[in-house]
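Asker: using only what follows, build the 3D model:
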Amino acid sequence: GVVTGARIGAFSHALRNGFGAGARLVAPICQRRAMSIDGAESEEDTHELMFYSMRKPATVTLKEMYAYGQSSKNSQRTLLLAAQFLHDELPVRLARRARELAKLPFGLGDTSSIKGVRKLYERSFFRIRRFPKPTNTQLEERFSEMLDDIKTEHNGVQANIARGLQELSEVRKDVKRGHGVFVHDGMPFDFGEFLDRFYMSRVGVRVLIGQHVMLHHPQKGFVGIIQTECKPSEVCEHAIEDARRVCDTTYGVAPEVVMEGALDLVVPYIPEQLHYIFFELLKNSMRAVVERYGVSGDLPPISIVFAEGSEEVAIKVSDKGGGIPRSGIHRLWTYTFTTAGNTSDKLQEMSRGGSGKSIMAGFAHGLPLSRIYARAFGGDLHVMSMQGHGTDVYIHISKMGDREVVLP
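Answerer: This next block holds a predicted model:
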């Protein structure tokens, strides 16, 4: 979203004024007892989670993150105040997601995979809550290490959510699923809408943690995880290499990719998020082209055009893979739709290959998550398809320095 200059984020307020006793309410119960790190296992745990889940997340803008990252280079106090902010803020965001997972209808929250995700969020919540508020450099460094560990523990959340959907389909035959909506006894539940909120929040948590952790490991040209002069065409080149390698492994061939336009443009951005978007879109385009023309055919190249406007950067990814029907466009965003085979088979394939193995397609999360990543930083992603010819995907990237983009 975008906020006006009149709206002051709680984050920048904390950096200016510190965290006094009245900065935020603290659950009294937490001051009287040692906290579990295995998830909510008692009535007290449940009450504590509920207390935090009812609080609203603070407003944090990417411009603020960038500014505090720059100031932290010369100020240990700034880094310490930022750690105190995260110590107070992250439990709110984690508790809200844990509560939403617990409230999922039709038994979805009771599948082993979804329950595992909820327990993971609860465990992360209690790990932060039982850690003392960082008041010196040593505590801050230990806190940063713990956050890095939490971020790593959450790497498998996306796959576990997909497994949970598959488990529900196998166990609850009375629950009908279509276009991202689950229906039981005539009662609909839009799971796609829930996942949009869940993944948008997840992006926010991972960016907050990643930014703080990487300030302890400074890289030239970066402020935390934000690259000061990110060149989208350069990020795209790496994604092209990765996508062609996966495509070649799967089919034995891979189409060429041609980039054109404003290849030298730079913008402050998080290259990791941009790489994910490019990688997912290129995999889709390459698969469509290869499956249309065959492994022994003359594969038309994929085109990527870069353009810079006054407000944003726009990128178009075009393929001649045959396109999809206009009536099916909305199904692309449902998290349960894939044109590339059974999701269960793909999950098993990923498990056999280990967490580091990339699959070509069939996971059903790539395109909707790409849109989430684009929107999380003030941009967007649109698909235009011409059945019988191919598909164009438009990526819009907000210029972080020009607008107050609020972190989800």
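Asker: which helix or strand contains residue 385?
Answerer: Per DSSP states H and E, residue 385 falls inside strand 380-386.
Asker: for that strand, buried residues please.
Answerer: When burial is assessed from 16 or more other Cβ atoms under 10 Å, strand 380-386 yields the following buried residues: 381, 383, 385. In this view, the C-beta of every residue, glycine as well, is placed from N, C-alpha and C.
Asker: which residues sit against it?
Answerer: Contacts with strand 380-386, where a contact means Cβ atoms under 8 Å, 6 or more residues apart in numbering, come from 277, 323-326, 329, 332, 367, 370-371, 374-375, 391-396.
Asker: now that strand: mean pLDDT?
Answerer: The average pLDDT within strand 380-386 is 96.
Asker: ok, now stretch 60-76?
Answerer: The model assigns stretch 60-76 a mean pLDDT of 79.
Asker: could you shift the numbering so residue one becomes 40, and keep it that way?
Answerer: Shifting the count to begin at 40 puts that one at stretch 99-115.
Asker: for that stretch, the distance to its chain's centre please.
Answerer: Distance, stretch centre to chain centre, for stretch 99-115: 21 Å (Cα atoms, centre = their mean, to the nearest Å).
Asker: extract the CA atoms of that stretch and return them as CSV.
Answerer: Taking Å, rounded to 0.1, in the frame of the first residue of the first chain, the C-alpha atoms of stretch 99-115 are listed here in CSV:
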residue,chain,number,x,y,z
VAL,A,99,6.9,0.0,8.6
THR,A,100,7.8,1.5,5.2
LEU,A,101,10.6,0.3,3.0
LYS,A,102,12.1,3.8,3.0
GLU,A,103,12.3,3.7,6.8
MET,A,104,14.0,0.3,6.6
TYR,A,105,16.5,1.7,4.1
ALA,A,106,17.2,4.8,6.3
TYR,A,107,17.7,2.9,9.5
GLY,A,108,20.0,0.4,7.7
GLN,A,109,22.1,3.3,6.5
SER,A,110,22.3,4.9,9.9
SER,A,111,23.1,1.6,11.6
LYS,A,112,26.5,1.6,9.8
ASN,A,113,27.6,4.3,12.2
SER,A,114,25.3,3.8,15.2
GLN,A,115,25.2,0.7,17.3
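Asker: which parts of that stretch are buried?
Answerer: Buried residues in stretch 99-115, counted by 16+ other Cβ under 10 Å: 99-109, 111.
Asker: now the residues you listed in JSON lines, with secondary structure and distance to residue 264?
Answerer: JSON lines is the format used below for the buried residues of stretch 99-115 (DSSP: H, G, I helix; E, B strand; the rest coil; distance: Cβ to Cβ, whole Å):
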{"residue": "99", "secondary structure": "coil", "distance to residue 264": "14"}
{"residue": "100", "secondary structure": "strand", "distance to residue 264": "15"}
{"residue": "101", "secondary structure": "helix", "distance to residue 264": "11"}
{"residue": "102", "secondary structure": "helix", "distance to residue 264": "15"}
{"residue": "103", "secondary structure": "helix", "distance to residue 264": "14"}
{"residue": "104", "secondary structure": "helix", "distance to residue 264": "9"}
{"residue": "105", "secondary structure": "helix", "distance to residue 264": "10"}
{"residue": "106", "secondary structure": "helix", "distance to residue 264": "15"}
{"residue": "107", "secondary structure": "helix", "distance to residue 264": "13"}
{"residue": "108", "secondary structure": "helix", "distance to residue 264": "9"}
{"residue": "109", "secondary structure": "helix", "distance to residue 264": "13"}
{"residue": "111", "secondary structure": "helix", "distance to residue 264": "13"}
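Asker: a markdown table for the residues you listed, including distance to residue 155?
Answerer: A markdown table is the format used below for the buried residues of stretch 99-115 (distance: Cβ to Cβ, whole Å):
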| residue | distance to residue 155 |
| --- | --- |
| 99 | 28 |
| 100 | 33 |
| 101 | 31 |
| 102 | 36 |
| 103 | 34 |
| 104 | 30 |
| 105 | 35 |
| 106 | 38 |
| 107 | 34 |
| 108 | 33 |
| 109 | 39 |
| 111 | 35 |
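Asker: wait, which of those residues is closest to residue 447?
Answerer: Distance to residue 447, by Cβ to Cβ, is smallest for residue 99 among the buried residues of stretch 99-115, at 9.3 Å.
Asker: OK, contacts around residue 372?
Answerer: By Cβ under 8 Å, 6+ apart, the residues touching residue 372 are 219, 231, 406-407, 410.
Asker: mind redoing it with 7 Å?
Answerer: Residue 372 makes contact with 231, 406-407, 410, according to Cβ atoms under 7 Å, 6 or more residues apart in numbering.
Asker: adding neighbour count and secondary structure, write these out as TSV.
Answerer: Below are these laid out as TSV (neighbours: other Cβ atoms under 10 Å; DSSP: H, G, I helix; E, B strand; the rest coil):
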residue	neighbour count	secondary structure
231	18	helix
406	21	helix
407	21	helix
410	22	helix
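Asker: out of these, show me where the pLDDT dips lowest.
Answerer: Lowest confidence among the contacts of residue 372: residue 231, with 81.
Asker: I'd say it and residue 369 touch.
Answerer: No. If you go by Cβ atoms under 7 Å, residue 231 and residue 369 don't touch, sitting 9.9 Å apart.
Asker: coming back round to it: need the buried residues of strand 419-425 in JSON lines (columns: distance to residue 445).
Answerer: As requested, these are exported to JSON lines (distance: Cβ to Cβ, whole Å):
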{"residue": "420", "distance to residue 445": "18"}
{"residue": "422", "distance to residue 445": "25"}
{"residue": "424", "distance to residue 445": "31"}
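Asker: not counting its neighbours along the chain, what's nearest the residue nearest to the spatial centre of the chain?
Answerer: In the chain, the centroid-proximal residue (Cα atoms, centre = their mean) is residue 242; its distance is 3.6 Å. Beyond its immediate neighbours in the sequence, the residue positioned closest to residue 242 (Cβ to Cβ, 6 or more residues apart in numbering) is residue 415, lying 4.5 Å away.
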